[in-house]
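Q: give me the fold of what follows.
(chains A, B, C and D)
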There are 2 protein chains.
Amino acid sequence: MTSTLGYALLGLLAREPATGYDLARMLRRPVGYFWSAGHSQIYPELARLEGAGLVRHTVVEGAGPRATKRYRVTALGRRDVRAWLLATTAEVDEREVLLRVYLLFVLSPAEAVGVVEAIRGHHRSTLQHYRGIALDDSPQDWGPDLVERATLRWGIAFEEGRLAWCDDLLTTITGLVPPAARP
Amino acid sequence: MTSTLGYALLGLLAREPATGYDLARMLRRPVGYFWSAGHSQIYPELARLEGAGLVRHTVVEGAGPRATKRYRVTALGRRDVRAWLLATTAEVDEREVLLRVYLLFVLSPAEAVGVVEAIRGHHRSTLQHYRGIALDDSPQDWGPDLVERATLRWGIAFEEGRLAWCDDLLTTITGLVPPAARP
DNA sequence: ATCACCATGTAAGCTGTTACATGATTAA
DNA sequence: TTAATCATGTAACAGCTTACATGGTGAT
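A: A predicted model of the protein is given here:
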């Protein structure tokens, strides 16, 4: 029943406890580059998450006419984000993929590799699908067909870029040597 | 007052007249790859566009318990999409950029070049902004910083890819020789 | 003094998704 | 006969944006 925004908040709180205001700032920059939300969406969502036992707050000293609430994620909330990240279901959109990657730190490197491989697989099949769309590539006059081919070319370039990025990320994660095994 | 969906419908009808059902099909594939909509959104929007004098319909023969309506765009509607495409205002999202490019055929090649150059400029500055975000690139353990850098790298790769695509598209359009000038 | 930042909340409106509702024709 | 395609509409709900509302502290 948790929305994507809910998982975003849970994940951000897994980094460190924060106020709603802090979260709103993060959801402008840097998280807002791929997943944004205004404070009017955040405060009610935090209340909802607390009602579900996924976060808890303590009142702290602060400026303003109302109480300043510092939220932190509960064990239940942590399990919830983890389950969301591990459930590689349907096609997810661009923005959500970036959010998922941003929150991968709540998983182990091995688990993260599985998620990235699933993302990679999805892009691999989308790319193959796009390549299968045959648009005659003969020299073309100005018109609907020309711009349609431009969008298809973008789709192909996008998926290729994403595949390369996934490979890069997999290499980075796989290349990590656990501290105990280092010389 | 027209929504993005409204412009999408207007643009599609500028290609050729269509029924709401036809439009719904296009907004699944191929338009749906970047801008999708269900029929429950399309029918009310067509009614709204007709109320604003941007489209007109004629009843044609067809299967089904209700009248089959074939819509076509009016001169006013055509002006509306054109104005939308030419108004290069704020940052637009990925999906909308693709929609705009898909509908560029309603403009002249020279006008289209202006639009693509504006898109290019936006991506150029976003790329520069991303490159200005200094994240220390030292060898990193598993954690929030590592995945954050991964998302930034994606942003940079994305903008670079988009720039190259814009250049490609500009070359294609600029390379078009008007029919009258061909040997 | 005025502005920016801290800090929280509600309400109205628009967009988009999913479900409800109807019914004819054609192909497997 | 069962499913897919054609064909149109409404209703309920979820998500997001914009505006309303309040007020303290610190810097210019």
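Q: check what pLDDT the closest residue in space to residue A:146 that isn't next to it in sequence gets.
A: In space, residue A:146 comes closest to residue A:140 once its chain neighbours are excluded; the distance is 4.7 Å by CB to CB, 6 or more residues apart in numbering or on different chains. No exception for glycine: its C-beta is placed from N, CA and C like everyone else's. Per-residue pLDDT puts residue A:140 at 79.
Q: residue A:140: neighbour count?
A: 15 (other CB atoms under 10 Å in any protein chain shown).
Q: ok, now residue A:15?
A: Counted with other CB under 10 Å, residue A:15 comes out at 16.
Q: who's in contact with it?
A: Counting by CB atoms under 8 Å, 6 or more residues apart in numbering or on different chains, residue A:15 makes contact with A:105, B:144.
Q: can you tell me what sits against the helix or strand encompassing residue A:50?
A: Using DSSP states H and E, residue A:50 sits in helix A:39-51. Applying CB under 8 Å, 6+ apart, the contact partners of helix A:39-51 are A:2-3, A:5-6, A:9-10, A:20-21, A:23-24, A:27, A:37, A:55-57, A:69, A:71, A:77.
Q: nearest residue to the middle of chain A?
A: Taking CA atoms, centre = their mean, the centroid of chain A lies closest to residue A:99, which sits 1.3 Å from it.
Q: what comes up buried for the helix or strand hosting that one?
A: Element membership for residue A:99 (DSSP H and E) is helix A:94-102. Residues A:97-102 are the ones in helix A:94-102 that count as buried (16 or more other CB atoms under 10 Å in any protein chain shown).
Q: quick one, helices of chain A?
A: Here chain A has its helices, by DSSP state H, at A:4-15, A:20-26, A:39-51, A:75-86, A:94-102, A:109-132, A:144-174.
Q: can you lay out these as a markdown table showing mean pLDDT and distance to residue B:16?
A: Below are the helices of chain A laid out as a markdown table (pLDDT from 0 to 100; distance: least, CB to CB, whole Å):
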| stretch | mean pLDDT | distance to residue B:16 |
| --- | --- | --- |
| helix A:4-15 | 98 | 37 |
| helix A:20-26 | 98 | 46 |
| helix A:39-51 | 98 | 40 |
| helix A:75-86 | 98 | 43 |
| helix A:94-102 | 97 | 30 |
| helix A:109-132 | 97 | 24 |
| helix A:144-174 | 97 | 9 |
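Q: nearest to DNA strand D, out of those?
A: helix A:39-51 (3.1 Å; CB to the nearest atom of the strand).
Q: got the CA positions of that closest one in PDB?
A: Extracted in PDB, the C-alpha atoms of helix A:39-51 (Å, rounded to 0.1, in the frame of the first residue of the first chain):
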ATOM      1  CA  HIS A  39       6.200  19.600   1.200                       C
ATOM      2  CA  SER A  40       2.400  19.400   0.800                       C
ATOM      3  CA  GLN A  41       2.900  15.800  -0.300                       C
ATOM      4  CA  ILE A  42       5.600  14.900   2.100                       C
ATOM      5  CA  TYR A  43       4.000  15.900   5.400                       C
ATOM      6  CA  PRO A  44       0.800  13.800   4.900                       C
ATOM      7  CA  GLU A  45       2.900  10.900   3.600                       C
ATOM      8  CA  LEU A  46       5.000  10.900   6.700                       C
ATOM      9  CA  ALA A  47       1.900  10.800   8.800                       C
ATOM     10  CA  ARG A  48       0.600   7.900   6.800                       C
ATOM     11  CA  LEU A  49       4.000   6.100   7.200                       C
ATOM     12  CA  GLU A  50       3.900   6.600  10.900                       C
ATOM     13  CA  GLY A  51       0.300   5.300  11.100                       C
END
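Q: quick one, that helix and helix A:75-86 angle?
A: 120 degrees (axes from the mean of the first three to the mean of the last three CA atoms, to 10 degrees).
Q: just the buried residues of helix A:39-51, please?
A: For helix A:39-51, by 16+ other CB under 10 Å, it's A:42, A:45-46, A:48-50.
Q: skip the chain neighbours and tell me the closest residue to residue A:36.
A: residue A:27 (5.5 Å).
Q: from DNA strand D, how far out is the one you found?
A: Going from residue A:27 to DNA strand D by CB to the nearest atom of the strand, to the nearest Å gives 9 Å.
Q: from DNA strand C, how far off is that residue?
A: 12 Å.
Q: now do the contacts for residue A:163.
A: So residue A:163 contacts A:120, A:123-124, A:127 (CB under 8 Å, 6+ apart).
Q: out of the residues you listed, which are buried?
A: Counted by 16+ other CB under 10 Å, the contacts of residue A:163 give A:120, A:123, A:127 as buried.
Q: which residues does the last one contact?
A: To tie it back to what came earlier, the one meant is residue A:127. Counted by CB under 8 Å, 6+ apart, residue A:127 has contacts A:156, A:159-160, A:163.
Q: nearest to residue B:110, out of these: which one, please.
A: Nearest to residue B:110 among these is residue A:156, at 27.2 Å by CB to CB.
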